[in-house]
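J.: Provided below are the primary sequence and the corresponding predicted coordinates.
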Amino acid sequence: MKQAAEANTQSLIEKDKRSQETKDQEDEINAYRQAKDQKEYEAQLEATRIKDEKEKEIQRLRELQEKAADRQSEIDALRAKRAFEEGERQARERERLEYQKKKRILGDLEVARQVQFSEK
């Protein structure tokens, strides 16, 4: 009986030992999985952060590009306005010169008519 009790006790100790070893292995596996999941989560966060930074940089560059395009449009519009105004000035100057030329010709014709009239 004593021997059976001892064997039983030994068997229970070994069973507890195996059970503890199994539990330790499962804890180790769970810790490994948690560490792996944590690393994957952190890698995903880092990838998201990098992606967001790239998107912000692209947006910043687009805004700069749009700003430059707007500025160039303003410059082009100003040049077009100045060119139009210069064209108008030149047209008015041509009209003024033509008017003076016609006035001079009409004056010359009047003088010639007067001369012709007086000669008659």
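T.: Nice, thanks for sending it over. Numbers count the residues shown, from 1 in each chain.

J.: Report the distance from stretch 16-35 to the chain centre.
T.: 52 Å (CA atoms, centre = their mean, to the nearest Å).

J.: got the CA coordinates for that stretch in CSV?
T.: Extracted C-alpha coordinates of stretch 16-35, given in CSV (Å, rounded to 0.1, in the frame of the first residue of the first chain):
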residue,chain,number,x,y,z
ASP,A,16,1.8,17.8,-12.5
LYS,A,17,5.3,18.2,-13.9
ARG,A,18,4.2,17.3,-17.4
SER,A,19,1.2,19.5,-17.0
GLN,A,20,3.4,22.4,-15.9
GLU,A,21,5.7,21.8,-18.8
THR,A,22,2.8,21.8,-21.2
LYS,A,23,1.5,25.0,-19.6
ASP,A,24,4.9,26.6,-19.8
GLN,A,25,5.2,25.6,-23.5
GLU,A,26,1.7,27.0,-24.2
ASP,A,27,2.6,30.2,-22.3
GLU,A,28,5.8,30.5,-24.4
ILE,A,29,3.9,29.9,-27.6
ASN,A,30,1.3,32.6,-26.6
ALA,A,31,4.1,35.0,-25.7
TYR,A,32,5.7,34.4,-29.1
ARG,A,33,2.4,34.9,-30.9
GLN,A,34,1.8,38.1,-28.9
ALA,A,35,5.2,39.4,-29.8
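
J.: What separation is there between residue 72 and residue 61?
T.: Computed as CB to CB, to the nearest Å, the residue 72 to residue 61 distance reads 16 Å. All C-beta atoms are positioned from the backbone trio N, CA, C, and that covers glycine.

J.: Kindly report the same for residue 69.
T.: Residue 69 is 12 Å from residue 61, by CB to CB.

J.: next one: residue 23
T.: Going from residue 23 to residue 61 by CB to CB gives 56 Å.

J.: go on, residue 1?
T.: From residue 1 over to residue 61 the distance is 88 Å, taken as CB to CB.
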